[in-house]
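*Asks:* with the input below, show me the fold.
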Amino acid sequence: MKAAAKLQGTCSVCLRTMQLRGDYPIRHGFSAVGVRHGQSGGYHTGPCAGTQFPHLGISTEGTQWALDRERKHIDRLNAQLAELATNPDLTWYPKKYDVKGGRADLSRPFVVKYGDEEPIAYSSDNPPSYARLHKAKVAELESFARMAASAIAEYERVLASWSPEKYPTSRAPGKVETVHMEMPRKSTRFGEWTGILCRFTRPGYASDKNPKTDDPSKVTCKRCRAALGLPPLP
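*Replies:* Modelled structure (predicted):
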């Protein structure tokens, strides 16, 4: 028996086109509306709550929920900015490097008070001046507030002009095989072999398992196409 065609529709929370399971989008990641993926503002990246709501071609329930969430979020941010304007005591944590890139050592909090200066002798364990720490916290909250304001404007635009006809479902495209651009490789340890352009792979299975071609027009790998200066595939 031939499998039924898969459909895609618009997620009512992240407003992206996603494959559907019944009337609901399948599980997918969330990127803040109007914000470049990779930026983070609390819940701005991670699993998308749109899986809990019908797609936008049926209902705006998820969009209204997301709009209310962003309004509450920006209210909290504005309250935090107002508190920072009173120059309260700030808490700073040194970094520990037990993971790549380091992370805050929450077991060693430092309280930085208004007017505190940086120690003359630099040490990663010494807190920054109050002025520098305060400025960084204000800049972070203002950035999050701009993200929330951008999302609010987009959700309001969608709700103001919504109709089911504007967000129809369509047939989901089939998977496209990833084909890499061939890249001659050479090393004193492994000799010569044919690898791929987008990353280094050792000779043998690691290289042989990746479909590849010497014809740029047949390349479908996003990174290989970018390295070749080719436009993304539709």
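*Asks:* now the longest helix along the chain, how far from the centre of its chain.
*Replies:* Secondary structure of the chain read by DSSP state H shows that its longest helix is helix 130-160. For helix 130-160, the separation from the chain centroid amounts to 16 Å (computed by C-alpha atoms, centre = their mean, to the nearest Å).
*Asks:* list the buried residues in it.
*Replies:* For helix 130-160, the neighbour count (16 or more other C-beta atoms under 10 Å) marks 130, 133-134, 141, 144-145, 147-148, 151-152, 154-155, 158 as buried. Backbone N, C-alpha and C define where each C-beta goes, glycine included.
*Asks:* before we move on, what about stretch 67-79?
*Replies:* The neighbour-count check on stretch 67-79 (16+ other C-beta under 10 Å) flags 67, 69, 70, 73, 74, 77 as buried.
*Asks:* residue 28: which of those residues is nearest?
*Replies:* For the buried residues of stretch 67-79, the minimum distance to residue 28 (C-beta to C-beta) is 17.6 Å, reached by residue 69.
*Asks:* secondary structure element for that closest one, which one?
*Replies:* helix 61-84 (DSSP states H and E).
*Asks:* so how far is whichever helix or strand comes after that helix off the chain centroid?
*Replies:* Using DSSP H and E, the next helix or strand after helix 61-84 towards the C-terminus is strand 90-92. Put simply, strand 90-92 sits 27 Å off its chain's centre (C-alpha atoms, centre = their mean).
*Asks:* which one of the buried residues of helix 130-160 sits closest to residue 109?
*Replies:* Distance ranking of the buried residues of helix 130-160 against residue 109, using C-beta to C-beta, places residue 133 first at 12.8 Å.
*Asks:* chain center to stretch 163-179: distance?
*Replies:* Distance, centroid of stretch 163-179 to centroid of chain: 21 Å (C-alpha atoms, centre = their mean).
*Asks:* to clarify, my last question referred to stretch 194-207.
*Replies:* 28 Å.
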